[in-house]
Each structure stands twice: as structure tokens, then as C-alpha cells.
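**Q** need the 3D shape of this:
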Amino acid sequence: MMIPACPLADLPRGEAFRLETDPAVTVFHTEDGELFAIDDTCTHQDASLADGWVEDCWVECPLHASKFNLKTGEVDAPPAKLPVRTHEVVVESGMVYVKLSTAAPNLPHCAVRKLAGISA
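**A** As a prediction, this is how the structure comes out:
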């Protein structure tokens, strides 16, 4: 499924745009002009990667500093142990679209409970 994210002109280099999908997905526009989309939630704890720090092709989780590769989804070091899903990004007529992956997401236990509507 391909969903519209935002106009490319509204996503400056070095910025991120969070899609309120279920689970959330974030599109990152790197300083080099590349576009990547990954699941927005850190696989260790329920933290938005859209709020993280982007350097080269990595985003650092704002809570515990695990970094995720924007190209592959792989994680560099604990506390996160599992990768995030990656999604294909397509730009057509100045609009950014995300083609959602069909793979299962690697969500932390607390995020899975939240998606299921289960309180702590």
C-alpha cells in the first residue's frame, strides 16, 4: 500500500515527517538529500525516532542512544536489539509517498500493548 506523506517542498533536508499510521512511520530527509522511511518507534522502548538526532544515514533514539540505520533498519548497539522496519519512499510530482512494508514490525512490548488498547 502506498500512502501520501507530504509535499517534498515541506520536508527540508535534515528534517523528519511522522505519519500517523498504525504503527507510526517516519520519513527522514537527510542532509545529503536522500529520503528514507522507517517505523517510528524504537524497538527497545516506546520512543519516537522522529524526535531523534539524524547524522549521515543513522537516527539516534532520543531516550537511550541506540542508533538505527535509515537504509537497512539495523541497530548499532544496545539497549535496542532488534531492527526497525524500512519502507520504500517514492517521489512523484513533488509529493512524497511511502510504500509500506508487509513485514511484521519489531515493536517494544509497551507499544504493542498500547496498539492493542491494553493499559499498563
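
**Q** strands along this structure, start to end?
**A** Assignment of strands within the chain using DSSP state E yields the ranges 2-7, 15-19, 25-29, 35-39, 53-55, 58-60, 67-69, 86-92, 95-99.

**Q** just checking: what are the partner strands of the second one?
**A** With DSSP bridges as the test, strand 15-19 is paired with strand 25-29 (antiparallel).

**Q** for the record, mean pLDDT for the strand it pairs with?
**A** Average pLDDT, strand 25-29: 98.

**Q** same deal with stretch 88-103?
**A** Per-residue scores along stretch 88-103 average to 97.

**Q** tell me which residues of it are tucked away?
**A** 89, 96-98, 100-101 (16 or more other C-beta atoms under 10 Å). Just so you know, the C-beta spots here come from the backbone N, C-alpha and C atoms, and that holds for glycine as well.

**Q** of the strands of the chain, which is nearest residue 108?
**A** strand 35-39 (10.9 Å; C-beta to C-beta).

**Q** which helices and strands sit right next to that closest one?
**A** If contacts are counted by 3 or more C-beta pairs under 8 Å, 6 or more residues apart in numbering; DSSP states H and E, strand 35-39 sits against strand 25-29, strand 86-92.

**Q** sorry, back to before: out of the strands of the chain, which is closest to residue 79?
**A** Among the strands of the chain, the nearest to residue 79 by C-beta to C-beta is strand 67-69 (11.6 Å).

**Q** packing partners of that closest one?
**A** strand 58-60.

**Q** in TSV, list the strands of the chain along with distance to residue 76.
**A** Conversion of the strands of the chain to TSV gives the following (distance: least, C-beta to C-beta, whole Å):
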stretch	distance to residue 76
strand 2-7	26
strand 15-19	18
strand 25-29	16
strand 35-39	14
strand 53-55	12
strand 58-60	7
strand 67-69	4
strand 86-92	15
strand 95-99	24
